[in-house]
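> Next one to model:
(3 chains)
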Amino acid sequence: MHFVLVHGGWHTGEGWRSVVNKLERMGHRAFAPTLVGHGHDVDKHGITHAVSRQVVVDLFERENLHDTVLVGHSYGGSVIQKVAEICAERISRLVFYNAFVLEDGQCLFDENPPHYRDLATQLCAASPDDTFLLPFDICREAFFNSVDRDTASELWHRYFSPQPAQPFRDKLDLKRFYSLDIPRSYLNCTEDIALPPGPEYGWHPRLSQRLGLYRLVQMPGDHESLLTSPELLAQKLVEAGRK
Amino acid sequence: MHFVLVHGGWHTGEGWRSVVNKLERMGHRAFAPTLVGHGHDVDKHGITHAVSRQVVVDLFERENLHDTVLVGHSYGGSVIQKVAEICAERISRLVFYNAFVLEDGQCLFDENPPHYRDLATQLCAASPDDTFLLPFDICREAFFNSVDRDTASELWHRYFSPQPAQPFRDKLDLKRFYSLDIPRSYLNCTEDIALPPGPEYGWHPRLSQRLGLYRLVQMPGDHESLLTSPELLAQKLVEAGRK
Amino acid sequence: MHFVLVHGGWHTGEGWRSVVNKLERMGHRAFAPTLVGHGHDVDKHGITHAVSRQVVVDLFERENLHDTVLVGHSYGGSVIQKVAEICAERISRLVFYNAFVLEDGQCLFDENPPHYRDLATQLCAASPDDTFLLPFDICREAFFNSVDRDTASELWHRYFSPQPAQPFRDKLDLKRFYSLDIPRSYLNCTEDIALPPGPEYGWHPRLSQRLGLYRLVQMPGDHESLLTSPELLAQKLVEAGRK
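All right, here's what the predicted structure looks like:
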């Protein structure tokens, strides 16, 4: 199987490294591009959702990928929705891994609880380049809840960097996405509380049900299971991504 | 322990074979009758809910069963609701295994989402005998989501056959059922998405809560766990069915 | 790590014994006080929420505890809410383990379904000292659903005694609690049906979300997992309680 793995906010493709290694040991091939404007030592001015995601479209074309499983994590869900509109015939299945599934005309902030939006607004205003970094103390509780504090701290410092805010504000035209008939899966980690669980903001089944007919795969794990449980995640990505 | 296992739509008693074998190896006794009008090479004209379920009542009487755990899967939930009204004193516990628990006066289609009902209507109209078979591509995603496509295909072709529609349309008088005080359990497979998860159509807790005081047992698994995870299911049926 | 473990209704500190032993074998220290008015052969007249919980405050002061994880189970959740108001600077983290998280001005009965409240009212009226004991047949289904009947019976007879009702009726002033910034976790056993699952009465995410930013930890288990799964529970209390 061929995978393209699209990371979420604050991350880069580096975060998938252990997952990619495991997938390769299982005999698969996996690409993990870094969205434009993500990472340390990168100019983050003027990054939009369209600018950020172009690297994924380019990857599909440069590598001439076909019959490929396109995975989006968290913010990456909104990315694969738009990439699927362009690369539909190259994609065998979309996998939304605790990922946003936006409705036509929405932006990512529309699906965040108000206290996250307000915090983002404050942090962006205080930044030189309209970016924000979710504080460690919040991530430790809501993103890294399955591991100890030292592990959480090491992973957060290594893999998190300020996120350009504009891609979270861009309203996406998703009419074409909702006309596609690419098979799709939702992979849900049962302890993921990056979005508050429940009918108002939770990942599943609130966002998954927007996919219409979809395959559900679940595993124990938190929002950062790509870092905290990469071996199990790789197995579940295969279960979610296979025909 | 003695079990009577009532299958769901599109199935026959054959689907329980691995579960029955496991239960017997654990020292229990299990019957898995085929509802009337189910299976290949069977006349399916004129089958109603009452006609279909009579075989279960007959089994209780013919075998003179007492102190028996009566299990219903999926559509079989509505069957055991009606059988319990007649055989109450023979039943030690009802086990609803990802099963419909209908309210008084409802039919099974009342608890299905509109797109399933519409699909059923179309397929029935195109059939010679008012039956319908849920297409493989839907079952592969929503019923067999825990296994690979080849396994799903083999199981679907072997165990699925057209379902008479009238039993899904028959409104059931369940006043007596709701006056019974037979102990009851709900066995929920946590990846069962045959009904769309969530407050509107999901199995649990939406349908389970209609049982009043009930015992909850859960396991990982999809809607076809009787085929895809029969050993674990047998253990969980014991946990759900014991005193 | 230091733990103070606060039991729920009908229980005493004795119920934590296996959990305490496991925590100690893991190198931690744990106290499990018995709330006033709980247990066999105890005068239960005139017990209020304030009277009942004072023993926990006294323990913190007598042992001069600091940097301590304060755990509340079930009714004990409302106890640790009030204790936290007094002992805030001694507590490193609050752990609500399938516990009530009351809103300001609520009493525990406000969060119970009507049939539980009505049953409590009847049983209290028939008691000499305004106490009630939830009948075994209810506990066997809704509290001990993961074990067999003999185990449930032995544990219920050994650990359950009549509960003073007034602490469940006392409306609690929790304004100070909701101004505290002590870190908090919610530990949820996924088969706990002591409160009916779902959006109206369920433990999680209905009550957990009142904690604001919190850490979620989950495990398989029923409401009495402190008795039915103490070794796993001890591990999960460490995951929930650590920094």
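
> Got the phi and psi for the residue most central in space within chain A?
Taking CA atoms, centre = their mean, the centroid of chain A lies closest to A:His73, which sits 2.2 Å from it. Backbone torsions of A:His73, given as degrees, to the nearest 10, read phi -110, psi 130.

> likewise A:Glu89?
According to degrees, to the nearest 10, A:Glu89 has phi -70, psi -10.

> ok, now A:Met219?
Dihedral pair for A:Met219: phi -150, psi 160, per degrees, to the nearest 10.

> hmm, back to that, I'd guessed the residue nearest to the centre of chain A sits against A:Ala99; true?
Yes: the criterion here is CB atoms under 8 Å, and A:His73 meets it with A:Ala99 at 5.8 Å. C-betas here are computed from N, CA, C, even on glycine.

> In contact with A:Leu133, which residues?
A:Trp10, A:Leu123, A:Phe160, A:Ser161, A:Pro162, A:Gln163 (CB atoms under 8 Å, 6 or more residues apart in numbering or on different chains).

> wait, is the first one part of a strand?
No: the secondary structure assignment for A:Trp10 gives coil rather than a strand, going by DSSP: H, G, I helix; E, B strand; the rest coil.

> What is the neighbour count of it?
Residues lying near A:Trp10 (other CB atoms under 10 Å in any protein chain shown) number 22.

> List buried residues within the contacts of A:Leu133.
Among those, those that count as buried by neighbour count (16 or more other CB atoms under 10 Å in any protein chain shown) are A:Trp10, A:Leu123, A:Phe160, A:Ser161, A:Pro162, A:Gln163.

> right, and out of those residues, which lies closest to B:Leu35?
Comparing the buried ones among the contacts of A:Leu133 against B:Leu35 with CB to CB places A:Trp10 closest, at 54.2 Å.

> how near is the closest one to A:Val95?
To A:Val95, A:Trp10 is 20 Å away according to CB to CB, to the nearest Å.

> near chain B, which residues of chain A?
Residues of chain A lying near chain B by CB under 8 Å from any CB of the partner chain: A:183, A:199, A:204-206, A:208-209, A:213-218, A:239, A:242-243.

> returning to that earlier point: mind listing the shared neighbours of A:His73 and A:Ala99?
Counting by CB under 8 Å, 6+ apart, the shared contacts of A:His73 and A:Ala99 are A:Gly8.

> The buried ones among the contacts of A:Leu133 in helices, which ones?
A:Leu123 (DSSP state H).

> Of the buried ones among the contacts of A:Leu133, which is the nearest to C:Gln235?
A:Phe160 (27.8 Å).

> A:Lys22 against A:Glu231, yeah?
Yes: with contact defined as CB under 8 Å, A:Lys22 reaches A:Glu231; the gap is 5.2 Å.

> who has more neighbours, the two?
Neighbours were counted for A:Lys22 and for A:Glu231 using other CB under 10 Å; A:Lys22 has more, 19 against 13.

> Setting the sequence-adjacent residues aside, check what's closest to the more buried one.
A:Ala234 (3.7 Å; CB to CB, 6 or more residues apart in numbering or on different chains).

> tell me which element the one you found falls in.
Following DSSP states H and E, one finds A:Ala234 within helix A:230-241.

> So which other helices or strands are in contact with that helix?
Packing partners of helix A:230-241 (3 or more CB pairs under 8 Å, 6 or more residues apart in numbering or on different chains; DSSP states H and E): helix A:17-25, strand A:68-74, strand A:91-99, strand A:184-189, strand A:215-219, helix A:225-228.

> how about a cut-off of 10 Å?
Contacts defined by 3 or more CB pairs under 10 Å, 6 or more residues apart in numbering or on different chains; DSSP states H and E place helix A:230-241 against strand A:2-6, helix A:17-25, strand A:68-74, strand A:91-99, strand A:184-189, strand A:215-219, helix A:225-228.

> and the shortest one with chain C, contact?
To tie it back to what came earlier, the one meant is helix A:225-228. No: Helix A:225-228 lies out of reach of chain C by CB under 10 Å from any CB of the partner chain, never closer than 12.1 Å.

> What is that helix packed up against?
If you count contacts as 3+ CB pairs under 10 Å, 6+ apart, helix A:225-228 packs onto helix A:17-25, strand A:68-74, strand A:91-99, helix A:149-159, strand A:184-189, helix A:230-241.

> Including distance to B:Ala50 and mean pLDDT, could these go into a markdown table?
As requested, the helices and strands packed on helix A:225-228 are exported to a markdown table (distance: least, CB to CB, whole Å; pLDDT from 0 to 100):
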| stretch | distance to B:Ala50 | mean pLDDT |
| --- | --- | --- |
| helix A:17-25 | 53 | 98 |
| strand A:68-74 | 47 | 98 |
| strand A:91-99 | 43 | 99 |
| helix A:149-159 | 60 | 98 |
| strand A:184-189 | 39 | 98 |
| helix A:230-241 | 41 | 98 |
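
> Extract the C-alpha set from the longest helix along chain A and format it as CSV.
The single longest helix within chain A, with elements called by DSSP H, is helix A:49-62. Only the C-alpha atoms of helix A:49-62 are listed here, as CSV (Å, rounded to 0.1, in the frame of the first residue of the first chain):
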residue,chain,number,x,y,z
HIS,A,49,-4.7,27.3,3.5
ALA,A,50,-4.2,27.1,-0.3
VAL,A,51,-0.5,27.9,0.0
SER,A,52,0.0,25.5,2.8
ARG,A,53,-1.6,22.5,1.1
GLN,A,54,-0.1,22.9,-2.4
VAL,A,55,2.9,20.8,-1.3
VAL,A,56,0.6,17.7,-1.1
VAL,A,57,-0.8,18.2,-4.6
ASP,A,58,2.7,18.7,-5.9
LEU,A,59,3.8,15.5,-4.2
PHE,A,60,1.1,13.4,-5.9
GLU,A,61,2.1,14.8,-9.3
ARG,A,62,5.9,14.7,-8.8
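
> distance between that helix and the chain's centre?
15 Å (CA atoms, centre = their mean, to the nearest Å).

> relative to strand A:68-74, how tilted is it?
160 degrees (axes from the mean of the first three to the mean of the last three CA atoms, to 10 degrees).

> helices or strands up against helix A:49-62?
Using 3+ CB pairs under 10 Å, 6+ apart: helix A:49-62 touches strand A:2-6, strand A:29-31, strand A:68-74, helix A:76-87, strand A:163-164, helix A:166-169.

> I'd like the mean pLDDT over the fourth one, please.
Across helix A:76-87, pLDDT averages out at 98.

> Neighbours of the closest residue to chain B within chain A, how many?
Proximity to chain B, evaluated over chain A using CB to the nearest CB, is greatest for A:Pro205 at 3.9 Å. Close neighbours of A:Pro205, defined as other CB under 10 Å, add up to 21.

> so which helix or strand takes in it?
A:Pro205 belongs to no helix or strand, assigned by DSSP H and E.

> Now do the same contact list for it.
Neighbouring residues of A:Pro205 by CB atoms under 10 Å, 6 or more residues apart in numbering or on different chains: A:186, A:188, A:199, A:214, A:216, B:193, B:196-202.
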